[in-house]
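Q: Only the shape, not the letters, is given here:
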């Protein structure tokens, strides 16, 4: 009897003249996952390795390890913005379509760096076609202890808000009095 039910279910999901079985929504040609080998081609303990490692962890929606690549201040801002849900539901799946390439790294002293990326995003058009968009990005990093940490979470937060259909947050600049 179990085999009969399985056969009925299997036949019920096939297309007929009046009903076509739904096709997968994923266009695998749009996937642009970074590999560990690509990251390992960057200098060890470098700002560019940190930026690309974060991207890869985000693509795979690894919340804890990706969050740990930010400075403590940036971590707090991300946590307050709902980073786990944002990464798992919106940003991670979107980043799976993006392939970043480091174009240059600029250092400001010994503790600050900016990693410039040229990122190609593939947007699906159909099951086998895609449209490519190129987006230049820059991530700022700060040396914390012996390693580099992402120091400005604003792009992550704003991209996540946009992917959720939320308006951008109004940015306010604070000045410290000394």
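A: That came through fine. Everything numeric in this text was worked out from a predicted model, so none of it was measured.
Q: Please give me every residue in contact with residue 150.
A: 50-51, 54, 69-71, 74, 139-141 (CB atoms under 8 Å, 6 or more residues apart in numbering). C-betas here are computed from N, CA, C, even on glycine.
Q: Among the residues you listed, which are located in strands?
A: Assigned to strands by DSSP state E, the following of the contacts of residue 150 qualify: 139-141.
Q: check contacts around the nearest residue to residue 135 once chain neighbours are set aside.
A: Among residues not flanking residue 135 along the chain, residue 119 sits closest, at 4.9 Å (CB to CB, 6 or more residues apart in numbering). By CB under 8 Å, 6+ apart, residue 119 lies in contact with 98-101, 134-137.
Q: Name the member of these with the shortest distance to residue 81.
A: Taking CB to CB as the measure, residue 81 sits nearest to residue 137 out of the contacts of residue 119, at 18.5 Å.
Q: Give the buried residues for the helix or strand hosting that closest one.
A: Per DSSP states H and E: residue 137 is located in strand 130-144. Using 16 or more other CB atoms under 10 Å as the test for burial, strand 130-144 gives 130, 137, 139-143.
Q: now those as JSON lines including distance to residue 150 and pLDDT?
A: Listed next are the buried residues of strand 130-144 as JSON lines, based on distance: CB to CB, whole Å; pLDDT from 0 to 100:
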{"residue": "130", "distance to residue 150": "28", "pLDDT": "80"}
{"residue": "137", "distance to residue 150": "12", "pLDDT": "95"}
{"residue": "139", "distance to residue 150": "6", "pLDDT": "97"}
{"residue": "140", "distance to residue 150": "7", "pLDDT": "98"}
{"residue": "141", "distance to residue 150": "6", "pLDDT": "98"}
{"residue": "142", "distance to residue 150": "8", "pLDDT": "98"}
{"residue": "143", "distance to residue 150": "12", "pLDDT": "97"}
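Q: Let me see the ranges of the strands in the chain.
A: Secondary structure of the chain by DSSP E: the strands cover 98-108, 112-124, 130-144, 147-150.
Q: Nearest to residue 157, out of the ones you listed?
A: When the strands of the chain are compared by CB to CB, strand 147-150 sits nearest residue 157, at 12.0 Å.
Q: Pretty sure residue 87 sits against residue 66.
A: Yes - taking contacts as CB atoms under 8 Å, residue 87 lies within contact range of residue 66: 6.7 Å.
Q: Between these two, which contacts overlap?
A: Here residue 87 and residue 66 share the contacting residues residue 58, scored by CB under 8 Å, 6+ apart.
Q: on that earlier part again, what's the closest of the contacts of residue 150 to residue 38?
A: Taking CB to CB as the measure, residue 38 lies nearest residue 51 of the contacts of residue 150, at 12.3 Å.
Q: Enumerate every residue touching the residue lying closest to the closest one once chain neighbours are set aside.
A: Closest residue in space to residue 51, ignoring its immediate chain neighbours: residue 115 at 4.4 Å, by CB to CB, 6+ apart. Counting by CB under 8 Å, 6+ apart, residue 115 makes contact with 47-48, 50-51, 102, 105, 138-139, 141.
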